[in-house]
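> just to be clear, the model below is a prediction. Sequence and coordinates:
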Amino acid sequence: MDQSDVAGDLADILLTEEQLGSRLDEMAAQIDADYAGKDLLLVGVLKGAVMVMADLSRRLHHPVSMDWMAVSSYGSGTKSSGVVRILKDLDTDLSGRNVLIAEDIIDSGLTLSWLVQNLRSRGPESVEIATMLRKPDAAKVEVDVKYVGFDIPNEFVVGYGLDYAEKYRNLPFIGTLAPHVYA
Ligand SMILES: O=P(O)(O)OC[C@H]1O[C@H](OP(=O)(O)OP(=O)(O)O)[C@H](O)[C@@H]1O
Ligand SMILES: Nc1nc2[nH]cnc2c(=O)[nH]1
């Protein structure tokens, strides 16, 4: 998708494709170092994390397994309902595994704090989080996050996996929406 196709819908570009890519290089190097010699299972949280999962995993030299979960707490709106539903569970048994959750964003923290607790109850060796974005000013619960791409302001963002009413996920950058889009 070309930026010009949705240029009228965007108020601002917060992070460019280049900025996302170079931060992912750093995160992957750190993850490679931290998990050297250990088993690693990447868990992607559908749908938003598809870009992070694909781009981060390809930068790792470490051999990984990958699995997916689908949870939803947002529906089609811009506020978390706080009620997390599992739409698709993992296929993998987590007993004794080192799990790294790949996420696009931690906003209120409600989704990830629920998910970490849920996965920890399945007997893994460890559960950690790698997220591309985090909104420190939006936190409703504390979530212990090992790898963060960028801390961003408390605004609703789209692109790089993140949608508004299922649109804009395939933008290669992160932007904010113009007010008329919500109207
Ligand atoms: O910290 P929180 O306030 O809980 O928000 C974060 C969650 O919201 C988004 O998912 P969403 O429910 O929009 O589903 P999607 O990934 O399918 O778009 C995002 O992918 C996180 O999972
Ligand atoms: N698209 C989108 N989804 C979210 N889910 C939680 N926060 C956000 C956000 O800022 N944008």
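Arrived safely, thanks for sending. Ligands and ions are numbered 1, 2, ... in the order given.

> spell out which residues of this protein are next to ligand 1.
Contact residues (Cβ under 6 Å from any ligand atom) of the chain with ligand 1: 45-48, 72-74, 80, 103-112, 163. For every residue, glycine as well, the C-beta is placed using N, CA and C.

> now the residues you listed: which count as buried?
45, 47-48, 72-74, 80, 103-112, 163 (16 or more other Cβ atoms under 10 Å).

> show me the residues you listed that map onto strands.
Val45, Ser72, Glu103, Asp104, Ile105, Ile106 (DSSP state E).

> what residues of stretch 131-141 count as buried?
Residues of stretch 131-141 classed as buried by neighbour count (16+ other Cβ under 10 Å): Thr131, Met132, Leu133, Arg134, Lys135, Ala138, Ala139.

> please apply the same query to stretch 25-33.
Residues of stretch 25-33 classed as buried: Met27, Ala28, Ile31 (neighbour count, 16+ other Cβ under 10 Å).

> in TSV, list these along with distance to Gly149, secondary structure and pLDDT.
Shown next, in TSV, are these (distance: Cβ to Cβ, whole Å; DSSP: H, G, I helix; E, B strand; the rest coil; pLDDT from 0 to 100):
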residue	distance to Gly149	secondary structure	pLDDT
Met27	6	helix	98
Ala28	11	helix	98
Ile31	12	helix	98
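
> looking at those, which is nearest ligand 1?
Met27 (17.0 Å; Cβ to the nearest ligand atom).

> now that closest one. Nearest residue, chain neighbours left out?
Tyr147 (5.1 Å; Cβ to Cβ, 6 or more residues apart in numbering).

> so who does the one you found touch?
Met27, Gln30, Ile31, Glu128, Ile129, Ala130, Thr131 (Cβ atoms under 8 Å, 6 or more residues apart in numbering).

> can you tell me the SS state at the last one?
When states are read from DSSP: H, G, I helix; E, B strand; the rest coil, the local structure at Thr131 comes out as strand.

> renumber starting at 132 from here on
Yep, numbering from 132; the last one is Thr262 now.

> what's the weakest-modelled helix or strand in this structure?
helix 134-137 (a mean of 68; mean pLDDT, DSSP states H and E).

> tell me the helix or strand right after that helix.
strand 141-146 (DSSP states H and E).

> now the helices for the chain?
134-137, 148-165, 181-190, 241-251, 310-313 (DSSP state H).

> what's across from Met197 in the sheet?
Note on Met197: beta-bridge partners by DSSP bridges are Leu173.

> hmm, it is touching Ala180, no?
No. Between Met197 and Ala180 there is no contact under Cβ atoms under 8 Å: 11.0 Å.

> between the two, who's got more neighbours?
Neighbours of Met197 and Ala180, each counted by other Cβ atoms under 10 Å, are more numerous for Ala180; the result is 26 against 14.

> measure that one to Asp143 for me?
23 Å (Cβ to Cβ, to the nearest Å).

> all set now, cheers.
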